[in-house]
Structure formats: C-alpha cells, structure tokens
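Engineer: take this sequence and fold it.
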Amino acid sequence: MDYFSTIITGASGLLLLHAFHSIYFTHISFKTQTVFDSQHLPGSFYLLIRCIYQSILKKRGEIMIEQTNEELILSVINCRFDDKSLKSFCAHSGYGWDYPDSDFRDTPLCFPKFLFSKLIAMIQCSERFRLSPSGLLCVRECVTLLEAVDELKRGPFTLEARVNGYRMESTGVEVELSLTASRLQRCIWSSTLTLLSPINTKMPRAQTSLPISHDPKWEWCISLSAPRRTGVSCVWAFCDLWALCGLTRHNLHTLWMFSRCMAEMEKHRGVEVVRAPLTVSVYYHLPVSSSSGKFCIRMCENSSEKSRTAWFSLADQKSRVLCISGQIKQQTSEKAR
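Structural biologist: Numbering: from 1, shown residues only. This next block holds a predicted model:
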C-alpha cells in the first residue's frame with residue numbers, strides 16, 4: 001500500500017512540475033515574443049487567467065496610461081488550413097457541412113476572422129493593451145478581400161494583428177485593430193475591427209452612416225431561427241473569454257451574425273456577390289440573446305457597369321430591432337483590372 005502511495009505521490013509531483021514548467025515558459029515567451037509559430041501558441045487556460053488578471057488591473061471604459069511607445073503587433077507564422085475547423089465553421093454559420101467540398105464556391109469570406117480568434121485574445125490579454133478585456137463590444141468592421149480566400153490553402157500563411165489607436169467617445173473608449181492574412185508577403189484578406197470598452201454595461205446604439213435603402217422591387221427577406229450554440233469546437237472567436245467563466249450573459253456572437261448574412265447572400269444572389277475584389281462594411285447595433293427566437297435577414301443590390309453594391313441587415317423578427325447592417329462594394333472585372 002505504501003509502495004503505491006509513493007508512486008502516486010511521485011507521479012503527481014512530476015505532473016505539477018511539468019505544468020509549472022509549461023506555464024512558466026509560456027509566460028516568458030508571451031511577454032518577450034511578438035512572432036509566434038502556429039504550433040506553439042499560448043494555451044486557452046493561460047490566456048483565460050491573463051484575461052481575468054488584466055480585467056482586475058484595468059477599469060472598463062477607461063484608457064490606461066501608456067507605459068511605452070512601442071506598437072502592439074503580434075504575428076503567427078506557418079499557419080495552415082484545418083479542414084475539420086473549416087467544415088465545422090461552415091456547418092454552424094449557414095453554409096452547410098459539405099460546403100468546402102462543393103464546386104465553384106470559395107472558402108467563406110468570414111472564415112479568416114475565425115482564424116484570428118486566439119490572436120485577438122492574445123492582443124486583448126497583453127500588458128501593452130490599454131483597455132480592460134472585460135466587456136469589449138464589437139461596434140463596426142471593414143473587411144477587404146483582395147484575392148479569393150482559397151489562396152491561403154496553397155501553403156503556409158501569416159496572420160498579423162496590430163493596434164492602430166484609441167479614441168475617447170461619449171460612450172467609452174474605442175480601439176481599432178488591424179487584422180491581415182497574407183501569403184508570400186501578399187495580402188489576401190484584411191479587416192479593420194473597432195471595439196468599444198463602454199462606460200456602463202448598456203450597449204450603445206451604433207451610429208451608422210450606411211445608406212440602407214431597401215427597394216421592394218429588388219429586396220429579399222429570409223427568416224431563420226437562432227441556434228442554441230453558435231460555436232465551433234468550443235467558443236466563437238475564442239472570445240468572450242469571460243463567457244467561459246459565466247461572467248457575462250450569452251449573446252449571439254457578432255461573427256455568427258455576419259457570416260450568416262454572407263451565407264444567405266451567397267445562397268440567394270449567387271457566389272459572384274461575395275467574390276474578390278470587394279469591401280464589406282458592417283455596423284453592429286445591439287447584442288442579441290439566443291433566446292430571442294427568430295430573425296429576419298433583408299438584402300438588396302444595385303449593379304452598374306463599374307461596380308456592384310449590395311446591402312444587408314439582420315433584425316429580430318418580432319420586435320424589428322436591428323442587430324447588424326452592412327454593405328458590400330464589389331468592383332467589376334473591367335474596373336478591377
């Protein structure tokens with residue numbers, strides 16, 4: 001009996017030593033490195049602990065005094081497409097589980113943003129990030145697709161995230177993040193993401209400048225039900241790290257709403273409406289609880305010789321409360337050349 005107790009005690013000690021060793025070197029590399037290999041990223045548990053710690057140190061809605069003039073830029077190299085994650089993403093976001101195997105259809109426009117999940121979490125948990133990671137809200141986004149997302153499948157690619165700057169607003173502090181997915185030093189996909197650290201917990205309405213005018217002649221409305229779970233493997237965008245602790249209410253993730261709108265646009269208007277080169281501007285208005293039930297996606301488009309523009313919005317079917325709205329601007333082949 002004493003023999004087995006000694007073995008168990010020794011094994012437990014070795015496991016604790018190994019865990020301490022792993023966490024220690026992860027912590028050292030996280031604080032000193034700006035470029036990470038895709039196979040050696042910080043673990044989810046470590047980032048969760050950092051998120052809680054940084055949320056205690058920093059106050060929501062306030063900007064911390066800058067300790068250094070160094071830009072906050074993090075990169076992940078040697079990234080490769082994971083077919084399992086892609087299939088799961090497509091199944092949850094309205095494309096269908098068999099989407100990647102279908103002919104004449106590119107990888108979904110929003111999938112690269114999912115690939116940035118952990119990198120965005122790393123930015124928010126950094127000591128150099130001047131806002132509290134608790135309660136950050138996505139208010140607007142501008143996605144630029146220069147080439148088909150399928151180009152990233154051809155080999156290793158690089159993801160880069162940087163903080164462009166902070167702005168004081170009446171509702172809190174905004175931070176602008178720049179996300180870039182490139183291969184062979186050629187940008188394929190990029191996004192400018194604006195997050196808000198609100199002064200209070202109430203979500204401010206987005207001040208959209210998009211001319212959302214739905215012409216009944218060219219308008220389509222699709223009704224859909226909100227899923228109970230909008231996650232891929234674990235949590236959308238890795239994020240809402242606080243949701244992992246149950247510290248925030250569960251809302252439909254902005255990435256799910258955006259990707260679902262793009263999926264419906266492609267289904268009803270054809271793949272050409274989301275083909276590169278294009279720019280998508282999105283405004284997020286209110287967080288939506290998954291218990292809300294059913295939603296309505298409205299879309300319309302206007303084409304000319306030089307460009308093609310489409311508008312979309314997602315609203316609660318019962319209350320008509322607008323959740324997100326957006327615009328797709330696409331160049332024709334003649335203008336693109």
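Engineer: got the residue ranges for the strands in the stretch 51-200 of the chain?
Structural biologist: 73-79, 137-145, 157-169, 172-183, 186-198 (DSSP state E, counting those that start in this stretch).
Engineer: got those strands as JSON lines, with distance to residue 50 columns?
Structural biologist: All C-beta atoms are positioned from the backbone trio N, CA, C, and that covers glycine. Supplementary listing: the strands of the stretch 51-200 of the chain in JSON lines, determined by distance: least, C-beta to C-beta, whole Å:
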{"stretch": "strand 73-79", "distance to residue 50": "13"}
{"stretch": "strand 137-145", "distance to residue 50": "20"}
{"stretch": "strand 157-169", "distance to residue 50": "16"}
{"stretch": "strand 172-183", "distance to residue 50": "17"}
{"stretch": "strand 186-198", "distance to residue 50": "17"}
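Engineer: can you tell me which of these is nearest to residue 262?
Structural biologist: Among the strands of the stretch 51-200 of the chain, strand 137-145 comes nearest to residue 262, with 9.5 Å by C-beta to C-beta.
Engineer: this protein: helices as residue ranges?
Structural biologist: Counting by DSSP state H, one finds helices in the chain at the ranges 2-32, 44-57, 83-92, 111-115, 117-125, 241-244, 254-269, 333-336.
Engineer: burial count for the nearest residue to residue 149 once chain neighbours are set aside?
Structural biologist: Counting by C-beta to C-beta, 6 or more residues apart in numbering, residue 149 lies nearest to residue 107, which is 4.0 Å off, once chain neighbours are set aside. The number of residues packed near residue 107 is 21, by other C-beta atoms under 10 Å.
Engineer: hey, which helix or strand in the chain has the poorest pLDDT?
Structural biologist: Ranking every helix and strand in the chain by mean pLDDT, DSSP states H and E puts helix 241-244 at the bottom, with a mean of 41.
Engineer: rewinding a little: going by mean pLDDT, which of the helices of the chain comes out lowest?
Structural biologist: Least confident of those, judged by mean pLDDT, is helix 241-244 with a mean of 41.
Engineer: who's in contact with the nearest residue to residue 138 once chain neighbours are set aside?
Structural biologist: Computed as C-beta to C-beta, 6+ apart, the closest residue to residue 138 that is not its neighbour in sequence is residue 254, at 4.6 Å. Residues near residue 254 by C-beta atoms under 8 Å, 6 or more residues apart in numbering: 138, 284, 324.
Engineer: surely the second one is in contact with residue 324?
Structural biologist: Yes - distance between residue 284 and residue 324: 5.2 Å, which falls inside the contact criterion (C-beta atoms under 8 Å).
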